[in-house]
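# Sequence and predicted model, in that order:
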Amino acid sequence: MQSLTPHARARMQQRGIRPEAIAALLDFGCARHLHSKGRELVFFDKKARARLAKANPDVAARPAAFGAPTRSWDRTASSSPSATATGA
């Protein structure tokens, strides 16, 4: 996993986001390129959740373990989780 800034670690702690959730997001999440900002937005959609559940069935039994609501992650920004919840 990418190294996180102290600010990102603090926000993860405040929001209850585990490092495993970020790793799973980067491994299984759906990515969209934001052309206007030159960034990639990564999020869990239904297909990404299905891929994660197939690879790790015990996660399907406890989906809240990886955080709800779904949170987005901008790979090219300052390595911090985005405050914007997707699907809202």
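It's in. For clarity, every value in this text was computed on a predicted model and none was experimentally measured. Numbering: from 1, shown residues only.

# Next, residue 42: phi, psi?
phi -120, psi 130 (degrees, to the nearest 10).

# Likewise for residue 45?
phi -110, psi -180.

# Just give the nearest non-adjacent residue to it, would you?
Leaving aside its chain neighbours, residue 45 sits nearest to residue 30 (4.6 Å; criterion: C-beta to C-beta, 6 or more residues apart in numbering). Every C-beta, even on glycine, is put in place using the N, C-alpha and C of the backbone.

# Quick check, that neighbour in contact with residue 42.
Yes - contact criterion C-beta atoms under 8 Å: residue 30 and residue 42 qualify, at 7.0 Å.

# Can you pick out the residue with more neighbours from those two?
It is residue 42, of residue 30 and residue 42, that has more neighbours when counted by other C-beta atoms under 10 Å, with 22 against 17.

# Now do the contacts for the nearest residue to the more buried one once chain neighbours are set aside.
In this structure, residue 42 finds its nearest non-sequential neighbour in residue 29, 4.2 Å apart by C-beta to C-beta, 6+ apart. By C-beta atoms under 8 Å, 6 or more residues apart in numbering, residue 29 lies in contact with 42-44, 48, 73.

# measure residue 29 to residue 40 for me?
The spacing between residue 29 and residue 40, counted by C-beta to C-beta, to the nearest Å, is 10 Å.

# swap in residue 32?
Between residue 32 and residue 40 the computed distance is 7 Å (C-beta to C-beta).
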